[in-house]
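Visitor: need a structure here:
(one chain, ligands or ions: 1)
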Amino acid sequence: MCKNCVNFISQGKVGDTGFRNNSETLCFRPNFLLYALFILTSLDYMTRSIMNSSSTKTSFTKVACPFCGIHCDDLEITATGNALQVKNTTCFRAVEGFERHLPAEISPRINGEPVALDKAITKAANIIKKSGTPLFAGLGTDVSGHRNILQTADKVGGIVDHVLSEGIMRNILALSDRGWITTTLTEIRNRADLVVFVGTDATEHPRFHERILWAKEAMFVAPADREIVYLGKKLDTKPGISPKGKKPMSIPCDISELSTIMNTLTALIEDKPLQAKKAGGAKVTDLKKLADKIITAEYAVFIWSPPKLNFPNAELVVGAVSDLVRKLTETKRAAGFALGGDDGAASAAAVCAWQTGYPLRTNFSQGYPDYNPSRYSTNEILTSGQADALVWVSTFTSNRLPPESNIPTIVIGEPGMKFKTMPDVFIPAGTPGIDHVGKIVRVDSVVSLPMKQLRNAGLPSVASIFDRIYQAL
Ligand code: SF4
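Guide: A predicted model of the protein is given here:
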């Protein structure tokens with residue numbers, strides 16, 4: 001931009017047709033650039049004003065939901081100021097997540113006292129700097145948040161672990177031991193003619209049946225004709241009733257017996273002789289009926305929920321499912337599916353894998369990533385005293401509180417969190433898909449969903465907080 005135009009602009013001499021320098025020659029470059037800047041600034045201001053206004057109602061369509069791993073992307077939401085309302089589903093997790101109230105006080109805190117964000121960031125950076133091995137845990141955030149957490153953990157020699165890693169590790173242990181064949185939500189919707197729920201009823205993913213099993217359309221199967229089977233006790237099998245009214249098959253058994261059940265099914269499918277009348281608490285005659293369904297199905301999918309397999313050596317269940325699937329794929333299609341991915345778990349696992357080459361529960365204190373699924377669990381680290389500072393991140397819910405510990409604690413989390421003991425630093429952060437844009441990896445790890453910003457409450461993203469902490473280290 002020429003010097004004269006700068007003077008003109010500073011004096012406010014902006015005309016309809018652009019700027020003229022002293023020699024009255026049209027100067028098109030500043031004209032175009034400044035108009036573009038003016039329009040962009042105005043649009044941004046207008047958007048923020050609309051979002052901030054407590055009376056203006058703004059409607060959003062095709063909103064992706066951050067509150068469980070399947071991340072439905074068809075929501076309609078209205079925003080009135082900072083209050084959000086879900087318009088087109090009664091999914092309790094979506095309603096609870098989007099419609100929760102923002103507390104009146106959202107300032108960062110040091111030892112419970114409100115402070116400016118700069119001060120909280122400096123204090124957090126100082127705690128991390130002084131720490132020999134900080135633990136970065138919880139990790140309830142989006143892809144950018146995970147990237148910046150990993151960058152920080154790498155710089156200071158920290159350990160990373162997600163709040164749902166117990167379940168993730170069951171998958172990782174089975175995968176690294178035997179390998180597996182898994183599928184995607186889209187494949188299940190379009191191809192699965194038999195779906196077997198192994199110890200889960202998928203109710204923690206409230207729209208799974210509506211969106212995937214009983215979808216209005218599918219490419220290669222008639223959704224309403226699918227066969228549904230539940231293995232386990234105390235499962236809600238009602239969502240498994242097909243739109244045509246066909247009831248699902250249900251085989252009650254103790255969840256800890258699921259690996260025996262899966263191995264028995266494999267034996268029956270391989271036509272091995274079996275003398276027992278019962279296996280894993282289930283009648284062998286029932287298991288034979290299921291084995292026949294599996295044999296005749298064109299594409300059987302076996303679904304388990306990692307957090308539900310909460311007992312010692314539960315990875316054996318995932319291994320047994322993988323063995324059965326491997327046997328079936330000798331002659332046809334079949335697959336497993338781990339239905340989890342809540343609280344940004346799929347994003348955390350994916351980012352850690354692509355950034356470091358290792359799963360979560362990785363320690364950077366030796367200058368290289370050191371993965372250990374049991375030694376670097378949050379619980380083990382805190383009880384054994386391996387870490388001397390805890391950085392807890394949780395932005396999807398106020399219920400995921402940091403574990404009790406006597407080491408300096410920084411919490412970067414949902415503003416409504418209520419602590420028994422106030423952390424040394426608490427920085428309220430935005431939820432991806434509500435307070436800022438972002439990307440979250442779906443449970444099947446094949447797509448990352450773009451999250452929208454629905455309001456402007458002034459809550460920073462985890463990525464921006466960690467970026468500033470990183471700069472301050
Ligand atoms: S099923 Fe999950 S992703 Fe879909 S609307 Fe409910 S909470 Fe959100």
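Visitor: Give me the contacts around stretch 276-293.
Guide: 194, 196, 227, 229, 231, 249, 251-254, 257-261, 264-265, 268-269, 274, 300 (Cβ atoms under 8 Å, 6 or more residues apart in numbering). Backbone N, C-alpha and C define where each C-beta goes, glycine included.
Visitor: Can you flag which of these belong to helices?
Guide: When DSSP state H is applied, the contacts of stretch 276-293 are split such that Leu258, Ser259, Thr260, Ile261, Thr264, Leu265, Leu268, Ile269 fall in helices.
Visitor: Contacts only, for the residue of the stretch 151-300 of the chain found nearest the ligand.
Guide: Nearest residue of the stretch 151-300 of the chain to the ligand (Cβ to the nearest ligand atom) works out as Arg207 at 3.6 Å. Going by Cβ under 8 Å, 6+ apart, Arg207 touches Ile70, Cys72, Thr89, Cys91.
Visitor: Now distance to Lys57 too, for those, in a markdown table please.
Guide: As requested, the contacts of Arg207 are exported to a markdown table (distance: Cβ to Cβ, whole Å):
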| residue | distance to Lys57 |
| --- | --- |
| Ile70 | 28 |
| Cys72 | 22 |
| Thr89 | 19 |
| Cys91 | 22 |
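Visitor: check those against the ligand, which are close?
Guide: Ile70, Cys72, Thr89, Cys91 (Cβ under 6 Å from any ligand atom).
Visitor: The last one is in contact with Glu204, isn't it?
Guide: By that I understand Cys91. No - in this structure, Cys91 is not within contact of Glu204 by Cβ atoms under 8 Å, at 11.3 Å.
Visitor: out of those two, which sits in the busier spot?
Guide: Cys91 (21 against 16; other Cβ atoms under 10 Å).
Visitor: Quick check: closest non-adjacent residue to the more buried one.
Guide: Closest residue to Cys91 apart from its sequence neighbours, by Cβ to Cβ, 6 or more residues apart in numbering: Pro206 at 4.5 Å.
Visitor: Need the three-state assignment for that neighbour.
Guide: Following DSSP: H, G, I helix; E, B strand; the rest coil, we place Pro206 in the coil state.
Visitor: what's the neighbour count on it?
Guide: Pro206 has 21 neighbouring residues, counting by other Cβ under 10 Å.
Visitor: go on, Gly385?
Guide: 11.
Visitor: what pLDDT does it get?
Guide: pLDDT for Gly385: 95.
Visitor: Please report the distance of it from Asn456.
Guide: Per Cβ to Cβ, to the nearest Å, Gly385 is found 42 Å from Asn456.
Visitor: just Thr58 next, same as before
Guide: Thr58 is 11 Å from Asn456, by Cβ to Cβ.
Visitor: what do you get for Ser405?
Guide: Distance from Ser405 to Asn456, by Cβ to Cβ: 34 Å.
Visitor: Done for today, thanks.
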